[in-house]
Structures are given as structure tokens and as C-alpha cells.
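Undergrad: Quick one: sequence and predicted model below, then my questions.
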Amino acid sequence: MKKNIRIRGHYGLTLVELMLALALSLMILGGAISVFMGSKESFRMEEEVSVLQENYRFIADRLTKELSLVGYSGCAFSYQDNTPNIFSTITDSPVQVIQGIEGGADPDSLTITFALPETGIPVLDIQTAVCETCDIPVSKELPLFIALADNFTSGSPVPVRLLVSNCREADYFLVTGTHEEDFDLDGDGSPDITGGMIEHDVGPEVGGIENLVPLTEVYGRATEEAALVYEMMTVTYEIDDVAVGGSRGLYEQRNGGARQLIFENVTDFQVLYGIDSATSEDGNADMYVDWDNALRPSDITSLRINLTMLLGQQAGTDITREYSFTVKLRNMGLDT
């Protein structure tokens, strides 16, 4: 007898099942893409923050090196007579070694003056007790004298301002020329030293600038403290939002020259001044105030710099980060 055998049929997915499967797959894929994009955005943001922090460290290191030199004038304190000033023969009034401009809601501006320690060259101890010309004798082989001599033989000398300092006084002056001179120290008629003289005569103009008064004393007497001559540096730091040269950021201006970009995308520069109060004077800051409230600049012992840096934009709005660092002013803050 034959038996009828039925083979069960195999059915495929229905359209509804297929659409449901596709929908679930798209949801899972969409979630995965969302997680991936979020991770990618988070990684990009972390990378940009890392770069921004590296840029901040560059700015902080650079400014710290210079700001810590505020008022440096060799071994002569710049804040003699309770003022953070250096005597100037050019204006007959002291050079203020630190000067702020309070911007309020706008960025601040800061100007500092200091002698460059690495440029110090010794003054030869050969002057007599009577100062007729008050020129400063130095070795004519030293790089500073060579550079000055080249400046005055170029035809149109650029005004150069230097600092001469011993352990009691420091004078800021304009160089009016250089010349070589032989010095007969033992009086035998033959030169013992062939040196160079840095001239700072009163009256002659160099680039429209002149010395109005002589130096406060004769530098280089054998009976006085050893003296050195330094190149002087005045630097102004400020924010430029007008995009000079196509970039907005933190700029510096050195010795009245053209402004140079330190770093772009710095949107704010705020300065607070650490004050050492007279009642507990120990060289450390007891409070931080803005420039308008720093009543006695001689009491400024440190600077607190606050920077706002642009990270990027989101929906047309700037995303920024704020950073702060403090610099000790080693040449300021203790009255003499």
C-alpha cells in the first residue's frame, strides 16, 4: 500500500517582518553612529583643549621669564626712595619700571622696563675723581660696544638707551656716540689699555632725543663699586581685537618698535597686582588689586595674569577657556 507523505512547506519573511527587521537594524546602526560621532567629537574637543593648554603654557613661560625681570637694574635696586623707578638723564624724571592701564570690561595693558641681564658688560675702573665728559669706559672688543660703534658709523644712528649701574645708583641714559681712547694708567707715557668710550653728552640729539642732565655720579672709579652697562628693554603687552595683520590675539611692542603677535586667539588679558602691605611687609602679596587701586607701585610684589583663549565656535558662539598664572617680581616690593 502506498503512503502519502506530506513535506511541510518553508515560508520566507513577510513584508511586515522585513520592515520591522530593517527598522530595528537602522535603530541599532543609528545608535552606533551616534555613539561614534559623540566619541569623535569628544576626542576632537579633548585634542583642541590639549593644544590650547600647550599654547597657554608657551605664553605663560614666555611672559613669566620677562615679567620676573621687572625693575632689574643690576645690583642697584630700582625702587630706591620707595619708588619703583630708575633715574633718567633723558627726561630728568624717573623711568617707571611698571605701568598698567586698567581696561575695565575691556582687556588691560601692561608696560614693563628692565635691564637685560645677559648684556651686562663691566665698566673699566680708570676714571678720575673729576668727571669732565662723564663718558663710560669699556673694552672696545665687547659686543655691545662694537654694536654701538657700528650704529654711529652707519650715517643715521638709531637712538640707543642703556643703563649703567653699580650697587648704589642706576642711570638710564641715551648714547650720543662712541670713540676709542688709550689709557696711560702708570703715567709712563705709553698706553696700558686701549678702550672704548660710550658717550652720553648733554645736548646733542640722536633721533630727536637728548640727555637733559648728566649722570648722577662717575661710574668706573677705582674707589667705587664695580659698575656694569646694560641694554634696556621696555615691553608693552596688549590685546588687539582689530586683527592687525589678519590675526587677533596678544601682542607685544618692544622699545617703541612695531607691534608683534605673540599668540593669536587670545581674547582677553587681565592683570592683577599683588600688594605687600606696609603693616606686614615681607615681600609677599597680601592682596591682589587692579592698577587703579595699586596706590603705591613700590608695594607691588607679584603679578597675576588672567588669559581668555578662544577654543572654537559652536552655533556661532565663541567657546573659550580661562587660564591664570602668577609671577613673582623679584626686584620689587621691599622699601629701602
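TA: Looks like it came in fine. Numbers count the residues shown, from 1 in each chain.
Undergrad: which intervals of the stretch 101-250 of the chain have sub-threshold pLDDT?
TA: 127-134, 184-187, 192, 222-224, 242-247 (pLDDT under 70).
Undergrad: hey, where'd the strands end up in it?
TA: For the stretch 101-250 of the chain, applying DSSP state E, counting those that start in this stretch gives strands covering 109-115, 121-122, 136-139, 161-165, 170-174, 177-183, 193-199, 228-240, 249-254.
Undergrad: Can you lay out these as TSV showing mean neighbour count and distance to Phe145?
TA: No exception for glycine: its C-beta is placed from N, CA and C like everyone else's. Shown next, in TSV, are the strands of the stretch 101-250 of the chain (neighbours: other Cβ atoms under 10 Å; distance: least, Cβ to Cβ, whole Å):
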stretch	mean neighbour count	distance to Phe145
strand 109-115	23	16
strand 121-122	16	7
strand 136-139	22	5
strand 161-165	26	11
strand 170-174	26	15
strand 177-183	15	7
strand 193-199	19	4
strand 228-240	20	9
strand 249-254	18	22
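Undergrad: Any idea which of these gets closest to Tyr323?
TA: Closest to Tyr323 of the strands of the stretch 101-250 of the chain is strand 249-254 (Cβ to Cβ; 12.0 Å).
Undergrad: Parallel or antiparallel, which strands does the closest one pair with?
TA: Taking DSSP bridges as the criterion, strand 249-254 forms sheet pairs with strand 228-240 (antiparallel), strand 259-264 (antiparallel).
Undergrad: which one of these lies closest to Val49?
TA: strand 259-264 (16.0 Å).
Undergrad: Tell me the buried residues in the closest one?
TA: Across strand 259-264, burial judged by 16 or more other Cβ atoms under 10 Å covers Leu261, Phe263, Glu264.
Undergrad: Name the residues linked to the second one by a beta bridge.
TA: What that stands for is Phe263. With DSSP bridges as the criterion, Phe263 is bridged to Leu250.
Undergrad: Who are the contact partners of it?
TA: Counting by Cβ atoms under 8 Å, 6 or more residues apart in numbering, Phe263 touches Asn55, Phe58, Ile59, Gly249, Leu250.
Undergrad: can you pull the pLDDT of the residue nearest to the second one when sequence neighbours are not counted?
TA: Take Phe58 and drop its neighbours on the chain: the residue closest to it by Cβ to Cβ, 6 or more residues apart in numbering is Phe263, 7.0 Å away. With respect to pLDDT, Phe263 scores 88.
Undergrad: how near is Phe263 to Val158?
TA: Using Cβ to Cβ, to the nearest Å, we find Phe263 at a distance of 28 Å from Val158.
Undergrad: What residues does the closest residue to Pro117 other than its chain neighbours make contact with?
TA: Nearest residue to Pro117, sequence neighbours excluded (Cβ to Cβ, 6+ apart): Tyr72, at 6.5 Å. Tyr72 makes contact with Ser78, Phe114, Ala115, Pro117, Asn331, according to Cβ under 8 Å, 6+ apart.
Undergrad: next one: Arg254
TA: Met233, Thr234, Val235, Gln260 are the contacts of Arg254 under Cβ under 8 Å, 6+ apart.
Undergrad: any chance of these in a markdown table, plus distance to Leu215?
TA: Output for these, formatted as a markdown table (distance: Cβ to Cβ, whole Å):
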| residue | distance to Leu215 |
| --- | --- |
| Met233 | 20 |
| Thr234 | 20 |
| Val235 | 25 |
| Gln260 | 32 |
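Undergrad: quick one: which of those residues is nearest to Pro107?
TA: Closest to Pro107, out of all of the contacts of Arg254 and judged by Cβ to Cβ, is Val235, at 16.0 Å.
Undergrad: That closest one contacts Ile112, correct?
TA: Yes. When contacts are counted by Cβ atoms under 8 Å, Val235 is listed as touching Ile112 (5.6 Å).
Undergrad: that older thread, Cys167: which of the contacts of Phe263 is nearest?
TA: Nearest to Cys167 among these, with distances taken as Cβ to Cβ, is Ile59, at 34.7 Å.
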